[in-house]
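1. Return atomic coordinates for the entry below.
(chains A and B)
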Amino acid sequence: MKAMKKVLVLLLTVIMAFGMMACGKDDKDTSKDLPKTQDSDSGKKDTPSDVGSTEKVKLTFSIWGGQDEQANTQITVDKFNASQDRIEVEVLAIPWENYLTKLNSMATANELPDTGMMMETAVIPYAKEGMFADVSDMFKGQKVLDSLAFTYDGEIMAYSSANEVLLLFYNRDMFDAAGIPYPPADAANAWTWDEFVQTAKLLTLDSSGKNATEAGFDANNIVQYGCSVENLMWQLEVWAISNGAGYFTEDGKELIIDDPATIAALQEVADLYLAHKVAPLSTGATDDGIPRTIISGTVAMATNGQWNVGTSLKSAKDEGLNYGVGVLPYMKEKVTICTGGPTVVFAQSKHPEEAKEFLSWYNSIENSWKLIEDGIWMPIFEEYYTDESLTRKWVENEAFPPYEEYKSAVVDYAVNNTKRAAWYYTNNIDNFYAVLGSVLGEVWTGGDTVENAITSNIDVLRDAFEGR
Amino acid sequence: MNRPLKKSKRRRSHISAKEERTAYLYLIPAFIGLIFITYLPLLGVFGISFFEWKGITSPKFNGIDNYVRLFTKDFFFVDSIKATVYFALIAVLGSMIYSLIIAMLLNRKIPARGFFRAIFYVPYVLPATAVYIGWSWLYETNFGLFNYLLARIGINKVQFLASSRLVVPSLAAISVWLSGNLIVIFLAGLQNVPRIYHEAAEIDGANAWQRFRNITIPCMTPIIFYNLLMSLVTNMQIVVPALSLTNGGPGNSSMFMTYLMYRYAFLNNQIGYACAISFIFFLIIAIFTAILFITSKSWIFYEGGD
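-> Below you'll find the model as predicted:
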């Protein structure tokens, strides 16, 4: 017993030592902050050493990404720090997997960075808790596309740092071989869904070379599929909207996923594999649509986001892939959806004005240019879509499909036919998509119909949507 | 085992008390590690599970609401227990049988034995995500290798990962393939089975099966127990395939508990709720481990033990 007591005492001592170390750290931190708060004090400075430190406002800017991205961001931020003498920005790099967790714990401790990148899905949950400073006047003079504003209760909470829209990518060689005209590159001539399915049938070939419209076509030995429509939950909504409904009402407040038009639209997508046999089976579990389809050379047409131009198609093009880009087919309404991760100013920041100034500089076209010219990002400023000389500066580039095609299929489409992805205006969307993904899980293999899956689980979906 | 120790404690001399003190002193670093890295967090998880904590805002105490929600309303939870137990069952039994067979083959005097031993161990040291992604290409429904081979012999496509019926067995098969560490431990165990027993049995006219059944297996029971335990704990905590391949689907058929926990905690920011799942999960593993320990007394054979 005596020995046990001693162990206990020793343990307590150790715990206290840990505790004191922690306190000591806090003390240091607050003392570091002190000079900042003193500088408003009638300008009277006792010691000469204060002069330098009171001048600059220090900001932290949180980012995610690998080492390369960190290094790139650091270079940009260094440029900003060198360009002026009032603000100094420090980069706080957090691994992507831990980003939100880290921000959450910083938020509870009232220690959020001044500004930072934000995941699309976390914007509205954060906005709801009042975590963002107002940034609606961030880009003075330069107009950002309306479709890129995250809104909560009608107020703008953040702007995307990049623009992305959903498109139809296709393999030109497969169309040429079948002697079929390419998919339309402008919304005015967009295919109806039936035209799309019909074309896909002509492009679906079995091992003996027969297409899906011919007698004797062997659906068990398909070597080339006509199309693949991405069925990640957020991308799937475009078909529900196209069919005149959606997952949610446009104010993001009501769930309309059991609308017959939504159910019919989702079933159409599932039927590409199940009924028409023109698409490979995809369960929407992985986010590699274009590499899996167009780049692997097994599918003639595939829907996905614009970023693929830069992230995967650019290098495939260098290796000989002859691809083109067109607008999505439509059911009732010619529509695509857009997305883009935002950068925000946190409400806990003591220097929101300076943070906004930095962000507006950081999001300038010059600083995003590398990603834009690679085809990974599209500009956020309206003038790049409306002023032809600027559009040419952006699109006339080896990495892109031909100018005329890209201009009407992407640039004009993004201005005229775009609705926002649901996370721009709906709370707790991650949870909802997780549940919806499970609910629709059996649909893609034909184990269930969309109608039955949604109507029999509508309470679960409603519960997930209303959130907790 | 315990009785003699107690006796000596009573007769503890001054010197042995001192020695004991020194022993405790040396144990302190390990204790501190365990306490701060294992036990305190465990208590923390238990504590947090009684709060509603969304991450951004401060935690709100809500009693046993999280647990009530888990068992009455949660869309994923019950399926997730089923998926986890089902997976662990197949993976543990599969990898035990597979490893024992491979270990026995590798224990024979075959040519290039060292090479084969390395070959079967390699999967275990490969990065898990890469392994699963690689297997997903083999399993792929449309153009995967397995389906290509099946098509060549005229069998219709099999939806290894896309069908809710097959996804867990398919993933468990990968886990079996990954069990190189079990092989190594079995191999070590096999080499400790006294050769003399086998020789004696051979003289008595026992065939290979009888020798395996009555000599190898009994001598191996402590090793089998150890492997069973390790394999159970590892396979219950399965998460990588759900993270990298299936997202818990199709439906909820591969919604393993660790993955569900991760999703609630880090994607949906329901930390308190995730802690409740975590704690239930801890209890489930504890129950399985306890069952294993209790039943072990009746089937483990310790050489030289009473």
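
2. what's the closest non-adjacent residue to the spatially most central residue of chain A?
-> In chain A, the centroid-proximal residue (C-alpha atoms, centre = their mean) is residue A:340; its distance is 4.3 Å. Residue nearest to residue A:340 in three dimensions, not counting chain neighbours: residue A:160, with 2.9 Å by C-beta to C-beta, 6 or more residues apart in numbering or on different chains. C-beta coordinates here come from the backbone N, C-alpha and C atoms, glycine included.

3. so what's the residue nearest to the centre of chain A up against?
-> A:120, A:148, A:160-164, A:377, A:380 (C-beta atoms under 8 Å, 6 or more residues apart in numbering or on different chains).

4. Which other helices and strands does the helix or strand containing residue B:44 contact?
-> Using DSSP states H and E, residue B:44 maps to helix B:40-48. Helices and strands touching helix B:40-48, by 3 or more C-beta pairs under 8 Å, 6 or more residues apart in numbering or on different chains; DSSP states H and E, are helix B:271-299.

5. Could you pull out the helices in the stretch 1-150 of chain A for me?
-> Secondary structure of the stretch 1-150 of chain A (DSSP state H, counting those that start in this stretch): helices at A:2-38, A:50-55, A:67-83, A:99-108, A:120-128.

6. quick one: which of those helices has the weakest pLDDT on average?
-> Ranked by mean pLDDT, those end with helix A:2-38 at the bottom, a mean of 44.

7. returning to that earlier point: which one among the contacts of residue A:340 gets closest to residue A:83?
-> residue A:161 (19.4 Å; C-beta to C-beta).

8. residue contacts, the residue nearest to that closest one when sequence neighbours are not counted?
-> Once flanking residues are discounted, residue A:161 sits nearest to residue A:343: 5.1 Å by C-beta to C-beta, 6+ apart. By C-beta under 8 Å, 6+ apart, the contact list for residue A:343 reads A:115-118, A:158-159, A:161, A:359, A:362-363.

9. Residue A:452 - how many residues pack around it?
-> 12 (other C-beta atoms under 10 Å in any protein chain shown).

10. Does residue A:345 lie in a helix or a strand, and which?
-> Using DSSP H and E, residue A:345 sits within strand A:342-345.

11. Quickly run through the sheet partners of that strand, with directions.
-> The pairing partners recorded for strand A:342-345 under DSSP bridges are strand A:115-117 (antiparallel), strand A:155-160 (antiparallel).

12. mean pLDDT for these: which is lowest?
-> strand A:155-160 (a mean of 89).

13. who touches that strand?
-> Residues from elsewhere that reach strand A:155-160, judged by C-beta under 8 Å, 6+ apart: A:118, A:123-124, A:127, A:132, A:134-136, A:138-139, A:144, A:148-151, A:339-344, A:363, A:380.

14. That strand: which residues count as buried?
-> For strand A:155-160, the neighbour count (16 or more other C-beta atoms under 10 Å in any protein chain shown) marks A:156-160 as buried.

15. tell me the angle of it relative to helix A:120-128?
-> Angle, strand A:155-160 to helix A:120-128, by axes from the mean of the first three to the mean of the last three C-alpha atoms, to 10 degrees: 150 degrees.

16. Going by proximity to chain A, name the top residue of the stretch 201-306 of chain B.
-> Nearest residue of the stretch 201-306 of chain B to chain A, counting by C-beta to the nearest C-beta: residue B:251, 3.4 Å away.

17. Look up phi and psi at the nearest residue to that residue once chain neighbours are set aside.
-> Spatial nearest neighbour of residue B:251, excluding adjacent residues (C-beta to C-beta, 6+ apart): residue A:441 at 3.4 Å. Backbone torsions for residue A:441, taken as degrees, to the nearest 10, come to phi -50, psi -40.

18. can you count the residues close to residue A:441?
-> Neighbour count for residue A:441, taken as other C-beta under 10 Å: 28.

19. Same question for residue A:271.
-> The local packing of residue A:271 (other C-beta under 10 Å) involves 16 other residues.

20. Could you look up the SS state of it?
-> Under DSSP: H, G, I helix; E, B strand; the rest coil, residue A:271 falls in the helix class.

21. show me where pLDDT drops low in chain A?
-> For chain A, the stretches with pLDDT under 70 are A:1-54, A:466-468.

22. So it: which segments form each domain?
-> Domain ranges of chain A: A:2-163+A:340-381, A:165-338+A:432-466, per automatic domain parsing.

23. Most tightly packed of these?
-> Mean neighbour count, computed with mean count of other C-beta atoms under 10 Å in any protein chain shown, is highest for domain A:165-338+A:432-466 among those, reaching a mean of 20.

24. quick one: it to chain centroid distance?
-> Centroid separation for domain A:165-338+A:432-466 versus its chain: 19 Å, with C-alpha atoms, centre = their mean, to the nearest Å.

25. one step back: filter the contacts of residue A:340 down to just the ones in strands.
-> A:160, A:164 (DSSP state E).

26. and the residue of the stretch 151-300 of chain A nearest chain B?
-> With C-beta to the nearest C-beta as the measure, residue A:280 is the residue of the stretch 151-300 of chain A nearest to chain B, at 3.8 Å.

27. what does the stretch 351-468 of chain A put close to chain B?
-> Counting by C-beta under 8 Å from any C-beta of the partner chain, the positions of the stretch 351-468 of chain A adjacent to chain B are A:428, A:430-431, A:434-435, A:437-439, A:441-442, A:444-445, A:447, A:457, A:460, A:463-464, A:468.

28. ok, now with 7 Å
-> Neighbours of chain B within the stretch 351-468 of chain A, by C-beta under 7 Å from any C-beta of the partner chain: A:430-431, A:434-435, A:437-438, A:441-442, A:444-445, A:447, A:460, A:468.

29. Closest to chain B out of those residues?
-> Scanning these for proximity to chain B, where the rule is C-beta to the nearest C-beta, the winner is residue A:441, at 3.4 Å.

30. Tell me which residues touch residue A:420, please.
-> A:147, A:337-338 (C-beta atoms under 7 Å, 6 or more residues apart in numbering or on different chains).

31. show me where chain A has strands.
-> Going by DSSP E, chain A shows strands at A:57-63, A:87-93, A:115-117, A:149-152, A:155-160, A:164-171, A:205-206, A:222-228, A:299-305, A:323-326, A:336-339, A:342-345, A:418-420.

32. hmm, who's touching the longest one?
-> Outside strand A:164-171, the residues within contact range by C-beta under 7 Å, 6+ apart are A:182-183, A:235, A:238, A:290, A:294, A:300-308, A:322-328, A:336-340, A:378, A:409-410, A:413-414, A:418.
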